[in-house]
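Asker: Any chance you could fold what I've pasted below:
(chains A and B)
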Amino acid sequence: MAAKSSILTQSNQVRRAIVVGGGLGGLMTVIKLCEAGIPVDLLSLVPVKRSHSVCAQGGINASVNVKGEGDSPYTHFYETVKGGDFLANQPPCKGMADAAPGIVFMLDRMGVPFNRTPEGNLDFRRFGGTLFHRTAFAGATTGQQLLYALDEQVRRYETLDVEDDRGVTVPGEKMVRKFEFWDLAGLVLDDEGVCRGVVAQDLKNGEMRAFRGDAVCLATGGPGLVFGRSTNSVINTGSAAAIAYKQGAIYANGEFIQVHPTAIPAADKLRLISESVRGEGGRVWVPKDRKDRRHGKDIPEAERYYFLEDRYPKYRNLVPRDIASSEIFRTVIHEGYSAEGEQAAYLDVTHLCKTASGKSAVRKKLEGVLEIYEKFAGEDPYENPMKIFPAVHYSMGGLWVDFEKGADGSLKPGSARNQATSIPGLYATGESDYQFHGANRLGANSLLSCIYGGMVTGPAMAAWREAQPRSAFDLPSTLFDTEHKRRVDEYAALGSRSGADYSVNPYQLHEKLGEMMLQKVTVERHDAELDGVLASLQDMKAQWRKAAALDPTAKGTINQPTVFLRHLDGMLALAEVIARGAREREECRGAHYKPALDPELHPDDPKAVGRDDARWLKTTLATYDGEGPTLRYEAVDVSLEPLAKRDYGKVSAAKKPTGEADAQGPANT
Amino acid sequence: MATDTVTLKIKRGESGGASRWEEFRVPRKPMMNVISCLMEIQKHPVTADGRGTTPVNWESSCLEEVCGACTMVINGRVRQACSALVKDLSPKGEPITLEPMTKFPRERDLVVNRQRMFDALRTTRAWIEIDGSHQLGAGPKVSQDDQEVMYPLSRCMTCGCCVEACPNYNDRSDFMGPQVISLTRLYNMHPSGRMQAGARLDALMGAGGISDCGKAQNCVQVCPKGIPLTESISVMGRETIKRALFGWLLKG
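Answerer: Purely as a prediction, here's the structure:
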């Protein structure tokens, strides 16, 4: 593009980059692109201020060491890769941990109302998987506050004019154009397979439109809805990532799904109770007597079994999430403990609220979180222990992205390879990529990885754009017209699905998919069940082809049921990636746990290998072959820190609570 | 005594078209909210009198009352559908009515177009001017007391409850609403945001600004986040008066 204007085409069209998704990852990418002088089209399924990032409650990690505990970014890096059971590539994790203090300072400068120390500095709290106070927080709605800060900065760019190469304002053109209520329908790939733009649909009127882009980023979030009910927002279907996967992008480590230990069970979604509750002293327990049906608050201290504290005396209630989830799951499902006879455990802050000052301290730090329990469970958590159970929360897997390692062994900033998917010109960031969390994500690392990912992706897209001999805006329109027509036809076909051939209700099909995935592909995985899941998925894909458009006559207006068919197609594709990855991986690592391979359960079975670094220290790479996923594997970059046993000081699996009345071994549920 | 079903009366319609009411009955479940009723209708789009119909369109995202998407008028009161529990709305099986917000153009069924609220955030320069996202060291210190004022103001979801309840906000007035006044207070409190306080006050003193507030005080009663909107309005009222009286001195 050297000879021509890098900003304007000959017909005065602005050469823009495209960011799909307006959560933290997408917005940070937009800010970095704008700072590099590149105008952006920002597409989002919902007004960006309503993105799923708002749901993150607890905080964002950064080793600022404000409490003088000797914390450092290197320790943060090490705990991140250890927390991820060493499956994450180490250079990007190192880059992220090093950048974290600067990111929190930047957010502070943007006006995030972080909690403060008496001196007016940022306050930090403890989170799972660390012994340090490393998590900055804004009340109990840190994700919301961070999202708003970035949203505001992007809104400012919506008011700033585009300038051409000579610094002259281009009339009527702003740095950011927002397209809210737009859904990704397809990628525009040229003959060399380079991504040159997208086709997206305006959900308010059904209009399909091709967008040219001199680099495209997907920041479209995770696929939580694959599991039906989860802690995710209802927009998190993974549809955009699934479309990219079906058009050739590699999807990595799909089988690694984080199950959060503490959520409130309900019919429409499982609402998270943040880890910060445990960070501030909340305790997890069950009644010692398995038959105890009393209300939690009526059970005396001596009759409570604090199983996490007993089993992990060092980390206590703050073991990493995968461990806490599987311990709660095992205690309730296999050992038969319950809360008022329900399949749940207690998460308890009432001991902190015995005095007025204690209660007000808890309220100050956790009000937003506890209010969720009060509002949705209808009980006062300051007086009553909360009933919780694990819920699908976060996908460590996502679109495969590259990185370039610098001379110092960390991520090399500014490289066009960083965050690049396997489709040239297409980038991914935020939960839709797979990069920073390995086999399990540490609490308060997701907000960080979204923002760090965006900080890396913006400059990477700028470098890519700079290096291209031809701009997408100088290519023939037939390229865009072809993909546009394909997607228009595809949508028209979905929208006309009515009559006797289409007997399946897509929402019922989704419910079936979710229930199956939730039961069989979450905390515990058994090969025979996974085989059943894979077979059922073939059947569900066949049913999808019979799924009806429930509103076939609504054209030129909002038509949620027809759009849902597209998203359901994506969910089925990703479900297969997740289940197949889980079936093939013959080890236990992080969130991927197969009881049959757990040496603690089967000490005499040589096949019970636990984590198997010799065979499985590998990233799963799924490619779509026209029917489903084909898997291959690549080595993980562990060049900075040697592998270690992922040990959080567990005492003994067999340890029974002292004073238990009717110890009778594992229950048979 | 609660029945085993929930009855919903839903006001439906197209953009610019006439409205119609449809009645549905869905099975009652524990901890049910309005969203789970609407989800049930998606799975069984049949009216109470057995007629097949289409699923209802509505907006939603987080379902935890932090995104603001699922705002609608429920039993005559504007609120988020996710935190509207059936046991509270219909303890004895009373029908629950759902209507779209009235202060915004209807797109379809329960979906309205709230773009006007986001536009107002541009008008009032609702952001902190930073020199860039590169490393410039730690941010300004903020006292715990100030943080405790700022954090609640910053929880505004741009959901629209306050303007739905406001008699001065409608399609015949330019009023930008209490939420932007409260957010201006937030940015003007911030140690570096304060440096552009004048520009924000000027926007509040312009068309659709603070003088259009009729002090009905409905806003503060419906805010789902308990934001002290009327307090913000009175604080910003004083600030704008100060600027109107003495601002010409400061402008130089």
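Asker: Find the closest residue to chain A in the stretch 151-252 of chain B.
Answerer: Closest to chain A within the stretch 151-252 of chain B is residue B:151: 4.4 Å, counting by Cβ to the nearest Cβ. For every residue, glycine as well, the C-beta is placed using N, CA and C.
Asker: neighbours around that residue, how many?
Answerer: 22 (other Cβ atoms under 10 Å in any protein chain shown).
Asker: so where's the chain uncertain?
Answerer: No chain was given, so I picked chain A. For chain A, applying pLDDT under 70 flags the ranges A:1-3, A:652-669.
Asker: Can you look at chain B instead?
Answerer: Residues of chain B that meet the cut-off, pLDDT under 70, sit at B:1-2, B:250-252.
Asker: so how far is chain B from residue A:644?
Answerer: Taking Cβ to the nearest Cβ, to the nearest Å as the criterion, residue A:644 is separated from chain B by 32 Å.
Asker: Which elements pack onto the strand ranked longest in chain A?
Answerer: Under DSSP state E, the strand in chain A containing the largest number of residues is strand A:386-395. Counting by 3 or more Cβ pairs under 8 Å, 6 or more residues apart in numbering or on different chains; DSSP states H and E, the packing neighbours recorded for strand A:386-395 are strand A:257-264, helix A:321-329, strand A:345-348, helix A:356-377.
Asker: just how off-centre is it within its chain?
Answerer: Centroid displacement of strand A:386-395 relative to its chain, using Cα atoms, centre = their mean, to the nearest Å, is 14 Å.
Asker: Enumerate the residues of the stretch 101-250 of chain A near chain B.
Answerer: A:102, A:105-106, A:108-111, A:113-122, A:138-139, A:141, A:144-145, A:148-149, A:152-153, A:155-156, A:158-159, A:204, A:233-235 (Cβ under 8 Å from any Cβ of the partner chain).
Asker: Just the buried subset of those, written out for PyMOL, thanks.
Answerer: The PyMOL command for the buried members of those (criterion: 16 or more other Cβ atoms under 10 Å in any protein chain shown) is given here:
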select buried, chain A and resi 102+105+106+108+109+110+111+113+114+115+116+121+122+138+139+141+144+145+148+149+152+153+155+156+158+204+233+234+235
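Asker: List the ones among the residues of the stretch 101-250 of chain A next to chain B that fall in helices.
Answerer: In helices, judged by DSSP state H, the following of those are found: A:102, A:105-106, A:108-109, A:144-145, A:148-149, A:152-153, A:155-156, A:158-159.
Asker: picking that back up, let me know the helix or strand that the residue of the stretch 151-252 of chain B closest to chain A is in.
Answerer: Element membership for residue B:151, per DSSP states H and E: helix B:144-153.
Asker: Show residues contacting the very next helix or strand once past that helix.
Answerer: Sequence-wise, the next helix or strand downstream of helix B:144-153 (DSSP H and E) is helix B:161-165. Residues outside helix B:161-165 that contact it (Cβ atoms under 8 Å, 6 or more residues apart in numbering or on different chains): B:71, B:73, B:78-79, B:101-103, B:117, B:169, B:177-179, B:218-224, B:229.
Asker: if we go to 10 Å?
Answerer: The contact list for helix B:161-165, computed with Cβ atoms under 10 Å, 6 or more residues apart in numbering or on different chains, reads B:68, B:71-73, B:77-80, B:101-104, B:112, B:114, B:116-117, B:120, B:156, B:169-170, B:175-182, B:216-225, B:227, B:229.
Asker: One more: stretch A:484-491?
Answerer: Contacts for stretch A:484-491 (Cβ under 10 Å, 6+ apart): A:184-186, A:188, A:197-201, A:206-211, A:243, A:477, A:549, A:559, A:562-563, A:565-566, A:569.
Asker: how is the chain carved up into domains?
Answerer: I'll assume chain A. Residue ranges for the domains of chain A, per automatic domain parsing: A:17-256+A:396-483, A:260-392.
Asker: hmm, I had chain B in mind actually
Answerer: B:5-112, B:115-129+B:139-251.
Asker: can you give me the end-to-end distance of the first one?
Answerer: Between the start and the finish of domain B:5-112 there is a gap of 28 Å, counting by Cα to Cα, to the nearest Å.
Asker: cool, stretch A:222-229 as well?
Answerer: For stretch A:222-229, the end-to-end distance is 14 Å (Cα to Cα).
Asker: residues touching the residue of the stretch 151-300 of chain A found nearest chain B, list them.
Answerer: Nearest to chain B in the stretch 151-300 of chain A, going by Cβ to the nearest Cβ, is residue A:152, at a distance of 3.6 Å. Listed by Cβ under 10 Å, 6+ apart, the contact set of residue A:152 reads A:27, A:49, A:110, A:111, B:121, B:125, B:126, B:127, B:128, B:130, B:183, B:187.
Asker: do that again at 7 Å, thanks
Answerer: When contacts are counted by Cβ atoms under 7 Å, 6 or more residues apart in numbering or on different chains, residue A:152 touches B:126, B:127.
Asker: Narrow the contacts of stretch A:484-491 to those that are buried.
Answerer: Using 16+ other Cβ under 10 Å, the buried members of those are A:184-186, A:188, A:197-201, A:206, A:208-211, A:243, A:549, A:559, A:562-563, A:565-566, A:569.
Asker: related to what we said a few turns ago, tell me which residues are up against the helix holding residue B:151.
Answerer: A:113, A:115-116, A:118, A:138-139, B:182-183, B:185-186, B:189, B:227-228, B:232.
Asker: Closest one of the residues you listed to residue A:573?
Answerer: residue A:138 (36.6 Å; Cβ to Cβ).
Asker: quick one: residue A:385 and residue A:338, what's the gap?
Answerer: 13 Å (Cβ to Cβ, to the nearest Å).
Asker: Neighbour count for those two, which is higher?
Answerer: The residue with more neighbours, out of residue A:385 and residue A:338, is residue A:385; 24 against 20, by other Cβ under 10 Å.
Asker: sorry, back to before: just the ones of the buried ones among the contacts of stretch A:484-491 in helices?
Answerer: Per DSSP H, the buried ones among the contacts of stretch A:484-491 map to helices at A:243, A:562, A:563, A:565, A:566, A:569.
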